[in-house]
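Novice: I'd like to go over a predicted model; first the sequence, then the structure.
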Amino acid sequence: MHRRCCSICVLILLIDTASQHRLVEGVEGGSVVLLCSHRRIVLEDKQLTVYWRHNDTRNVYDIIHGEVYVRDQDPAYKNRAEVLPEHLKNSKIFLKLTDLQLSDRGTYICFVPDVGVHHSTQLVVRERSFTICTTAQIRSDGTKARLGRTLLLLMSSGFLLHFI
């Protein structure tokens with residue numbers, strides 16, 4: 001009986017610190033926001049340490065003792081990764097990635113060592129699929145005068161879009 005109780009306690013502790021896994025989708029050239037949160041993250045002034053990694057090896061973004069630390073950041077993320085500071089007070093750490101590349105696909109890990117929080121997010125980046133089909137100036141029927149508008153036809157994933 002005692003052994004079963006200890007096993008349950010250990011299992012509960014492991015579940016509490018286990019990582020959550022999320023799936024986020026983005027489009028090449030677009031941006032996404034990745035979330036790292038847990039009720040145990042208490043964001044004390046300038047005490048927060050957070051490590052963001054891509055596929056366990058690439059350094060995406062670090063905050064060490066409340067200070068942004070990008071000296072060891074992978075060059076692929078320079079000027080494309082940032083933590084959104086307006087949400088830090090809510091025990092949520094958001095990492096924004098901009099100008100998504102197909103090479104950004106994979107698993108992103110957020111690790112907060114002081115409280116044992118470990119989150120993983122699977123990022124799927126889809127290829128940009130816009131193809132310009134044609135553009136045409138719109139003219140008046142009878143006078144052939146230009147109306148100053150351009151019709152732009154785009155094909156996106158099988159849908160025909162037009163803008164005037």
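Specialist: Now that the structure is in, tell me what you want to look at.
Novice: residues in contact with Val68?
Specialist: Applying Cβ atoms under 8 Å, 6 or more residues apart in numbering, one finds that Val68 lies in contact with 61-62, 83. Every residue, glycine included, has its C-beta placed from N, CA and C.
Novice: Let's see which of those end up in helices.
Specialist: Using DSSP state H, no member of the contacts of Val68 sits in helices.
Novice: Neighbour-wise, which one of those residues leads?
Specialist: Tyr61 (26 neighbours; other Cβ atoms under 10 Å).
Novice: Tell me where the protein is predicted with low confidence.
Specialist: 1-20, 40-46, 87-90, 130-164 (pLDDT under 70).
Novice: show me where it has helices.
Specialist: Using DSSP H, helices in the chain cover 2-17.
Novice: Settle this for me: Val50 is touching Ile109, isn't it.
Specialist: No. If you go by Cβ atoms under 8 Å, Val50 and Ile109 don't touch, sitting 10.7 Å apart.
Novice: Can you redo the contacts of Val68 as JSON lines, where the extra columns are distance to Asp114?
Specialist: Listed next are the contacts of Val68 as JSON lines, based on distance: Cβ to Cβ, whole Å:
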{"residue": "Tyr61", "distance to Asp114": "17"}
{"residue": "Asp62", "distance to Asp114": "14"}
{"residue": "Val83", "distance to Asp114": "16"}
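Novice: Among the residues you listed, which are located in strands?
Specialist: By the criterion of DSSP state E, membership of the contacts of Val68 in strands covers 61-62, 83.
Novice: For Arg126, state which of these is nearest.
Specialist: Tyr61 (23.0 Å; Cβ to Cβ).
Novice: Quick check: that closest one vs Glu127, distance?
Specialist: Taking Cβ to Cβ, to the nearest Å as the measure, Tyr61 falls 25 Å from Glu127.
Novice: next one: Pro113
Specialist: 36 Å.
Novice: what's the answer for Asn79, then?
Specialist: Distance, Asn79 to Glu127, by Cβ to Cβ: 22 Å.
Novice: likewise Val70?
Specialist: Taking Cβ to Cβ, one finds Val70 at 28 Å from Glu127.
Novice: same thing with Glu86?
Specialist: 31 Å.
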